[in-house]
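>>> coords below, sequence missing:
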């Protein structure tokens with residue numbers, strides 16, 4: 001059972017999709033989250049997504065990334081994504097590395113403000 005809490009909004013002053021996740025995330029949750037972000041961004045005609053993952057705990061094995069990344073990359077490919085990650089960034093780093101292999105324009109940040117500035121300056 002998932003204990004994931006998700007919040008998503010659109011900031012019309014910056015044209016950014018802002019998404020916050022908290023709790024434990026499964027491999028299926030990862031795919032669902034990026035599908036939701038994709039649909040929401042398209043509905044708001046936005047190409048930039050800021051996802052705060054700093055309070056997320058991964059509940060899947062590293063090898064699972066190989067299985068779900070093609071689906072995630074499909075949802076991420078049309079966007080620039082800034083991911084705010086916590087200090088326990090091992091899985092976040094693996095996901096980012098794999099995403100880049102699929103030519104996804106994404107970066108990890110430790111600071112929300114820095115991530116937002118990066119997206120706004122593109």
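Perfect, thanks for sending it. Computed from a predicted model, the values in this text were never measured in an experiment.
>>> for the protein, which element, helix or strand, carries the lowest mean pLDDT?
helix 90-101 (a mean of 90; mean pLDDT, DSSP states H and E).
>>> helix, strand or coil: sort out the spatially closest residue to residue 100 that is not a sequence neighbour for me.
Using C-beta to C-beta, 6 or more residues apart in numbering and skipping the chain neighbours, the partner closest in space to residue 100 is residue 106 (7.2 Å). Glycine gets a C-beta too; all of them are placed from N, C-alpha and C. Per DSSP: H, G, I helix; E, B strand; the rest coil, the secondary structure class of residue 106 is strand.
>>> so residue 106 touches residue 85, yeah?
No: using C-beta atoms under 8 Å, residue 106 is not in contact with residue 85, being 11.1 Å away.
>>> ok, these two, which is more surrounded?
In terms of neighbours (other C-beta atoms under 10 Å), residue 85 is the more surrounded of residue 106 and residue 85; the figures are 21 against 18.
>>> show the contacting residues for the more buried one.
With contact set as C-beta atoms under 8 Å, 6 or more residues apart in numbering, residue 85 has these partners: 53, 54, 92, 108, 109, 110.
>>> nothing else from me, thank you.
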